[in-house]
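[1] Provided below for reference: sequence and predicted model.
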Amino acid sequence: MDKLVESLVELCSVPGVSGREESVRQRLIEKLKVPHRVDNVGNLIVELGEGEEAVALMAHMDEIGLIVTGVNNDGTLNFRKIGGFDDRILAGSHVQLVTESGMLEGVIGLTPPHLSSQQTTENLRIDIGCRSKEEAEALGVKVLDYAVFKKHASLLNGEFFAMRSLDDRFGCLALLETLERVKDEKLTKKVYFVWTVQEEIGLKGAKAFVSNHRVDVCYAIDSFACCSVLTGDVTPGKGPVLRMLDNSAFANYDLMRQILSLAQRNNLPVQVGVTGGGTDGSVAMEFGAKMVPVTLAVRYLHTPAEYISINDLKNLIELLTVLVTEST
């Protein structure tokens with residue numbers, strides 16, 4: 001298996017919903033070979049270079065999932081969603097429940113049509129195989145434990161990689177790989193590598209970072225939801241995507257043109273597109289930064305079957321290296 005794919009599987013396998021990113025952050029710290037710090041809200045930050053211009057590369061550590069809100073008398077668990085996703089992916093899902101005592105397996109079942117025609121997603125429960133509230137609590141289950149969809153990795157046709165939490169673990173990995181390439185370079189600008197928290201529930205980590213650091217240029221490394229009438233010809237396999245318009249912001253047009261010029265000079269494929277949702281870059285813009293999200297096209301975003309092109313990821317890392325080391 002390709003080394004980059006192996007690293008991606010490892011990082012995607014670590015659970016970490018919004019607000020509970022500690023395991024992801026720790027795994028990233030273990031891989032860092034440069035000084036780093038963690039701020040009050042949990043963002044992981046590396047600062048390189050010096051100069052008048054300050055550039056931030058941001059990727060979020062958190063993923064969509066579930067938070068336990070209560071334990072029922074029959075041993076099943078009530079939950080609420082963390083992040084935005086279609087309720088249809090809940091029924092029949094296998095999940096992994098993260099407790100202070102360890103990881104537990106669970107399923108979200110659905111009453112079969114043989115027995116009921118009234119089942120809705122509103123009364124779904126997580127079943128961990130317990131027969132009473134006391135049995136579940138004896139396993140260490142409590143309110144605010146969290147669950148993620150059980151993860152399975154698939155390499156499709158040799159190029160396309162599918163796994164839950166690609167959003168945004170591929171971005172986290174891209175930052176790691178870019179950092180490794182440039183850490184010994186004499187950079188003529190200050191560059192922040194920022195792995196943020198709580199992006200999926202309101203860009204909270206990014207807001208905390210930009211409110212405490214001057215940022216002139218921001219690249220949010222995130223997902224580009226495709227493929228629909230809205231997103232046109234953008235598709236996995238045709239290069240990284242400059243996400244110029246979504247529900248949160250219209251990115252900087254002049255900066256887009258500069259990035260496209262750099263990409264052309266370095267023979268790197270780049271797509272330009274419009275989608276929905278939002279990125280950490282939008283809050284950097286609110287604090288005065290020029291901003292363009294540099295993303296990957298992701299099919300089936302916010303489902304257990306998210307998939308990207310590995311070639312796109314390799315080109316993303318190349319593009320980020322160019323953006324950090326060359327002048328726009």
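    Done, it's in. Numbers count the residues shown, from 1 in each chain.
[2] per-residue confidence at residue 74?
    pLDDT, residue 74: 95.
[3] List the contacts of it.
    131, 132, 133 (Cβ atoms under 8 Å, 6 or more residues apart in numbering). The way it works is simple: take the backbone N, C-alpha and C, and place the C-beta from them, glycine included.
[4] three-state assignment of it?
    On the three-state scheme (DSSP: H, G, I helix; E, B strand; the rest coil), residue 74 is labelled coil.
[5] Starting from residue 268, give me the distance back to it.
    From residue 74 over to residue 268 the distance is 56 Å, taken as Cβ to Cβ, to the nearest Å.
[6] cool, residue 202 as well?
    Counting by Cβ to Cβ, the gap from residue 202 to residue 268 is 32 Å.
[7] cool, and residue 156?
    Taken as Cβ to Cβ, the span from residue 156 to residue 268 is 23 Å.
[8] Looking at those two now, which is surrounded by more residues?
    Taking neighbours as other Cβ atoms under 10 Å, residue 156 and residue 268 compare with residue 268 leading, 18 against 11.
[9] Hmm, that one is touching residue 321, no?
    No. Residue 268 is beyond contact range of residue 321, at 10.0 Å (criterion: Cβ atoms under 8 Å).
[10] Residue 133 and residue 76 touch, don't they?
    No. Counting by Cβ under 8 Å, residue 133 does not reach residue 76; the two are 9.2 Å apart.
[11] Strand partners (parallel or antiparallel) of the lengthiest strand in the chain?
    Counting residues, the longest strand found in the chain (DSSP state E) is strand 217-226. Note on strand 217-226: by DSSP bridges, its sheet partners are strand 54-60 (parallel), strand 290-291 (parallel), strand 294-299 (parallel).
[12] re earlier: so which of residue 133 and residue 76 has more stuff around it?
    Counted by other Cβ under 10 Å, residue 133 and residue 76 do not tie: residue 76 has more neighbours, with 22 against 17.
[13] contacting residues for the nearest residue to that one once chain neighbours are set aside?
    Excluding its sequence neighbours, the residue lying closest to residue 76 (Cβ to Cβ, 6 or more residues apart in numbering) is residue 125, at 3.8 Å. Contact analysis of residue 125 by Cβ under 8 Å, 6+ apart lists 72, 76, 77, 78, 79, 108, 109.
[14] Could you single out the nearest of those residues to residue 33?
    residue 79 (38.3 Å; Cβ to Cβ).
[15] ok, the residue nearest to the spatial centre of the chain to residue 221 distance?
    In the chain, the C-alpha nearest the mean C-alpha coordinate belongs to residue 168, at 1.8 Å (Cα atoms, centre = their mean). Computed as Cβ to Cβ, the residue 168 to residue 221 distance reads 7 Å.
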